[in-house]
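Visitor: sequence plus predicted model, see below.
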Amino acid sequence: MNATSLALSDDLSQIGTIVAFSLVVVSLGLLLAELRRKGKPFRAAFIWGTLATLAFAGAVFRPVHVTAKQSSLGPRVVVLVDESRRMRMRDQKGTRSDAARQAVEDLSRHFTDARLTVLGFGDGEPRPYVPERLATDRESDLLSALGALARAPGERPQSVVVVSDGRLTRPLETEPGGQIQQWASNLQIPIHTVGLVRSAPKDASLRQVRAAGAAVAHQPLRISVEVGCEGLDCSQIPVKIRELLLGEQPVVLAAGVVNAENGIGRAELEVTLDRAGSRVLEVSIEPPSGDTIAENDTRTLTFSVARERVRLLHLAGRPTYDVRALRNWLKSDESVDVVAFFILRGDFDDPGASESELALIRFPVDELFTQHLPSFDAVILQDIDAIKYKLEPHLVRLRDYVQKGGGLIMVGGPSSFAGGNYAGTPIDQVLPVEQPRQGKAFDSEEFVPAYTEAGRAAPVTRGLRTLLGNDLPLMAGTNLLGLPRSGAIVLLQHPELTVSGKPMPTLALGEAGDGRSIALGLDSTQRLAFGQLAASVQGRAYGALWDGLLGWLMRDPRYEAARVELEHECIAGEPLELVVHRLPGMAGDVDVSLEPLLPTRRTSLTQHLADNHSATLNATLPPQAAGGYAVRVSVGAAPPTRQDIACERGGSAWADSRPDNARLQAISSTSKGTFVDRDQIDQLPRTDSVKVTRERRTRPVLPAWIWALSASLLLGAHWIARRRGGLA
Amino acid sequence: MTMLGRRERALGRRAFSECVLLSAAALVTQTWTRRAKGFGQEGGFNPRLLGTSGTPPLDPERESGLSRWAWELVRRTSAPAQLITEHIAVDDPKLENEPFAVWAGSHAVKPLLGTERRALRRFLDLGGVLFVDDGDPGRGEFGQSARAELARVLPEVPIAVLPEQHVIYKSYYLVERPVGRVLGPTSMEAMVRGRQVQVLFSSHDLLGALAHGSGETFSLPMEGENEAEMRQRAIRLAVNIAMYVLCSDYKDDQVHAEELMRRRGRAHSR
């Protein structure tokens, strides 16, 4: 299509045009004023003057004919398709992603003349929509996507169409119009919305699980559970909370029933977590019959459990200076709450006094181990005979306690380890070293223990090594210990004694199920508190050793070689991305291993990361099934760090399966757009085409010299007319 | 004779043969202990006799009380102890090897040398406990001079009366008041840092009550009407002091407190 028009010469500047035009107007004005003053005799001069001025203007402006070839272009329409993980929710007709794909096809047909740009939105900036791509974004952040469109250079779209189920992360459910307002005013275009789901599926789900305050070990924690229910018999929905433990059957912590007849119901459940650190809780409902989405019936969540005070049970078979040193250190730490029982009188001791004259109480071994054991964070057994003091029947409980997350330290002495009849008992399964079943139980030769490579690398001993370097005091003999168990780390070893050809361990750490244990085959660590070497550092070395041991046992991050965290929420079937932060000074290759918490799923996997001297390393592990996992990270020779994590099937994105078409309507109405269901796409308003000039030609109305000649001649005629009229 | 006295005599007869055996064992172990204490014996109660340049030598009877102290502890409790008395000079670096020492005498001590004061201060700063026993509390020369010296060693710590509820009086036996060879004052004095008694002053000649000759006899007579009962009380106090050194304030723990309060209440009501 051709279009013709008149225009001024292209070579005139804007200022020149204005000046010339002003001169023409002023000239004509002066002529007119002169005509009014002089009257009729001046009429001819006025006519010639006007013509001369116009001819002069023509010479300056040199008007041209413009011929342009124009075409009509379809409007630019941007389609934003929700690509959050929630779009993988399925109903009878397929997934919401399937519906979105169909909607995009329908939009393509509806906006036939438009230039359609289809983008996917989710976690941040929108990117080109690929129908085959699996929707994996954790969020559906429409505001970020609109912001990116507003900032993008080039042609603005004439309209935006949002394809979603409306359950967006942003704008929020409350006042979506208000939040969309600023983006709409920036873009100044209508935002149309297409609702993918018309009605809520028949589904009972865990909408929200929230803890009231921080989780603190041994203290009740209220957990608020919100259950949503649509289209089902929602009057009685059982809910329970279980703790997932490594290698153990899950433990039910709380249970209740929720009435969600009005679409939503809440339960307040109280749980008490006995172990600090990362604990994995599974919250689940038993959905009513007819529930269509099973993935949101269970939430597996990691709770970071803090510890107000470390609660310790310290049992000693007899009072010695070593017991004194440990007790004084434990009592000096305000964060430690110690319950101690020392055997002060044995069966063959004769105090020569009646019971009422003695300040002795019965050793309540049965009560301690049957009733109170779970309330302790760790148990210290120091030189106490298992049979003589009737611990032996409770060693199964003690083993289970450790495997469920408790801590155990066995401190050396003639009645510790094999000498205390612990060899061949259930304790064998949780100690980090084997115990000899025959032969001598201990060796009385003095010696100086030696650090192993792990001992020099471990943060556990860093405090001690900072004070004493690699020096250690002379120790008065040692318990005879066996080889370290699989996974155990030996920190100190005997310089001469060997086991199966390897140096005998004297201090070893290990993990047992969910708990940790320490074997210290020495009964004279008090020489770190008293003695000439100890005096050189004012006796602080003893505290440094025990700070490290107890800190490691209690999973204090200061004594771990690394810190592990999830890059983002772990979702079953998607790669598991971890971030490993190494403690300053921790060097060496990093090994990351993953082990399911449930005892029925014992397969684990390991990934090796070469040392790149970076403080932070990223590890991507293959997709996992839903559940709890123990992640272990080893840095160099140092003892491994463990962090428990949870992987979910639906996660928070699937918690609420209902569509939110009201939010989509609010977004549209705020921006003067239109909301339609996915089968009403043909009702969306079409936007007018844009006209685009493709070719432009110019041709002068008259050659420039004709304008100039005409102006000269007419000016001459004007002069003659003035002379004849008697004007100067 | 009171119940306490009869029990004491019976205990003494039974103990006679044990005492002979233990003495023999002590002789055998003497050379061994000088070399190394060995596994399990390292942390045993060891009442080392402190010597200073200005302390007159302790008389042999009272010095024997130290081994008797250890022996009574082993016999009556589960605690291990060193039966051979060890002498330690205050400026010997080995003073810092263990947390307990006894400073005893009957005569005034000369002022500590600067090195001795500093060494004693280091020992106490590490958390050591010093028992100061006046062998002649009637004159009180040793006690007064030792107090003066210790006030110079720990000038910031006052010497105060140990309250009767202190854990030392219930660390093994329920002891109502301190008793030694002499009945003495109804309380002991102490220098307390933090929660710990670091220096304990006895004006009761405790080592005199423990001083023993051959066999079951004790060397020094007790001052008082019922000698056997008084000696038994002195031994109980000695055992309690040893238990305090080994367990510190263990018997102040909440798990013990209620039961012990009840027992004390019953004893008072009787």
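Guide: Received, thanks. Residues are numbered from 1 along each chain as shown, chains lettered A, B, ... in the order given.

Visitor: low-confidence ranges in chain A?
Guide: Segments of chain A classed as low confidence (criterion: pLDDT under 70) are A:1, A:40-41, A:176-177, A:183-187, A:599-604, A:727-728.

Visitor: can you pull the contacts of the spatially most central residue of it?
Guide: Central residue check for chain A by CA atoms, centre = their mean: the C-alpha nearest the mean position is that of residue A:568, 3.7 Å away. The neighbourhood of residue A:568, defined by CB atoms under 8 Å, 6 or more residues apart in numbering or on different chains, consists of A:138, A:577. (Glycine included, C-beta is placed from N, CA and C.)

Visitor: that one belongs to a strand?
Guide: No: if the criterion is DSSP: H, G, I helix; E, B strand; the rest coil, then residue A:568 is coil and not within a strand.

Visitor: quick one: it and residue A:645, what's the gap?
Guide: Noted for residue A:568: a distance of 11 Å to residue A:645, by CB to CB, to the nearest Å.

Visitor: equivalent analysis for residue B:122, please.
Guide: Relative to residue A:645, residue B:122 is positioned 50 Å away (CB to CB).

Visitor: neighbour-wise, which of those two wins?
Guide: Comparing residue B:122 with residue A:645 by other CB atoms under 10 Å in any protein chain shown, the one with more neighbours is residue A:645, at 23 against 17.

Visitor: wait, residue B:96 touches residue B:120, no?
Guide: No: here residue B:96 lies out of contact with residue B:120, judged by CB atoms under 8 Å, at a distance of 10.5 Å.

Visitor: higher neighbour count, the two?
Guide: residue B:120 (26 against 23).

Visitor: the one helix or strand residue B:120 maps to and chain A, are they touching?
Guide: Using DSSP states H and E, residue B:120 sits in helix B:114-125. Yes: in terms of CB under 8 Å from any CB of the partner chain, part of helix B:114-125 sits within range of chain A, namely B:122, B:125.

Visitor: give the buried residues for that helix.
Guide: Going by neighbour count (16 or more other CB atoms under 10 Å in any protein chain shown), the buried part of helix B:114-125 is B:116, B:117, B:119, B:120, B:122, B:123, B:124.

Visitor: Provide the secondary structure category for the residue of the stretch 151-300 of chain A found nearest chain B.
Guide: In the stretch 151-300 of chain A, the residue found nearest to chain B is residue A:218; the distance is 16.3 Å by CB to the nearest CB. Classification of residue A:218 by three-state DSSP places it in coil.

Visitor: and it, how many neighbours does it have?
Guide: The burial count assigned to residue A:218 is 19, neighbours taken as other CB under 10 Å.

Visitor: what's the answer for residue A:358, then?
Guide: Counted by other CB under 10 Å, the residues lying close to residue A:358 total 20.

Visitor: and it, what is it in contact with?
Guide: Residue A:358 makes contacts with A:345, A:351, B:172, B:173, B:174, as judged by CB under 8 Å, 6+ apart.

Visitor: if you average the pLDDT over stretch B:54-64, what comes out?
Guide: Average pLDDT, stretch B:54-64: 93.

Visitor: and the contacts of it?
Guide: Residues outside stretch B:54-64 that contact it (CB under 8 Å, 6+ apart) are B:49, B:85, B:103-107, B:109-113, B:133, B:135, B:205, B:207-208, B:210-213, B:219-220.

Visitor: now do it: distance to the chain's middle.
Guide: Here stretch B:54-64 shows a centroid-to-chain-centroid distance of 14 Å under the convention CA atoms, centre = their mean, to the nearest Å.

Visitor: span of it from start to end?
Guide: 21 Å (CA to CA, to the nearest Å).

Visitor: in that stretch, what's buried?
Guide: Neighbour-count burial for stretch B:54-64, with 16+ other CB under 10 Å as criterion, is recorded at B:55, B:58, B:59, B:61, B:62, B:63, B:64.

Visitor: same thing with stretch B:187-197?
Guide: Applying a neighbour-count criterion of 16+ other CB under 10 Å, the buried positions in stretch B:187-197 are B:187, B:188, B:189, B:190, B:191, B:192, B:196, B:197.

Visitor: end-to-end on it?
Guide: Start-to-end, stretch B:187-197 (CA to CA) is 14 Å.

Visitor: ok, now stretch B:211-220?
Guide: Counting by CA to CA, the length from the leading to the trailing residue of stretch B:211-220 is 6 Å.

Visitor: just stretch A:468-477 next, same as before
Guide: Distance across stretch A:468-477, first residue to last, is 21 Å (CA to CA).

Visitor: over to stretch B:74-93?
Guide: Counting by CA to CA, you get 27 Å between the two ends of stretch B:74-93.

Visitor: can you pull the buried residues of that stretch?
Guide: The neighbour-count check on stretch B:74-93 (16+ other CB under 10 Å) flags B:74-85, B:88, B:90-91 as buried.

Visitor: now swap in stretch A:307-322 and tell me
Guide: By 16+ other CB under 10 Å, the buried positions in stretch A:307-322 come out as A:307, A:310-322.

Visitor: quick check, nearest of these to residue A:393?
Guide: Set against residue A:393, the nearest of the buried residues of stretch A:307-322 by CB to CB is residue A:315 (14.8 Å).

Visitor: pretty sure the closest one is in a strand, no?
Guide: Yes: assignment of residue A:315 by three-state DSSP places it within a strand.

Visitor: that one against residue A:383, yeah?
Guide: No: counting by CB under 8 Å, residue A:315 sits too far from residue A:383 to count as a contact (9.4 Å).

Visitor: give me the neighbour count for residue A:360.
Guide: For residue A:360, the neighbour count with other CB under 10 Å is 22.

Visitor: which residues are in contact with residue 99?
Guide: Here I'm looking at chain A. With contact taken as CB under 8 Å, 6+ apart, residue A:99 is in contact with A:93, A:196, A:197, A:678.

Visitor: let me rephrase: I mean chain B.
Guide: Contacts for residue B:99 (CB under 8 Å, 6+ apart) come out as A:321, A:324, A:325, A:526, A:529, A:530, B:126, B:127, B:128, B:129, B:245.

Visitor: and with 7 Å instead?
Guide: Going by CB atoms under 7 Å, 6 or more residues apart in numbering or on different chains, residue B:99 touches A:321, A:324, A:530, B:127, B:128, B:129, B:245.

Visitor: name the element the last one belongs to?
Guide: What that stands for is residue B:245. Assigned by DSSP H and E, residue B:245 belongs to helix B:227-247.

Visitor: so, in contact with chain A or not, that helix?
Guide: Yes: among the residues of helix B:227-247, B:243, B:246, B:247 lie within reach of chain A under CB under 7 Å from any CB of the partner chain.

Visitor: elements contacting that helix?
Guide: Contact partners of helix B:227-247 among helices and strands, from 3 or more CB pairs under 7 Å, 6 or more residues apart in numbering or on different chains; DSSP states H and E: helix A:321-332, helix B:3-35, helix B:60-76, helix B:206-210.

Visitor: contact partners of the helix or strand just after the second one?
Guide: Scanning the chain past helix B:3-35 towards its C-terminal end, the next helix or strand to appear is strand B:48-51 (assignment: DSSP H and E). Taking CB under 7 Å, 6+ apart as the criterion, the residues outside strand B:48-51 that touch it are B:58, B:63, B:66, B:85-90, B:98, B:100-104.
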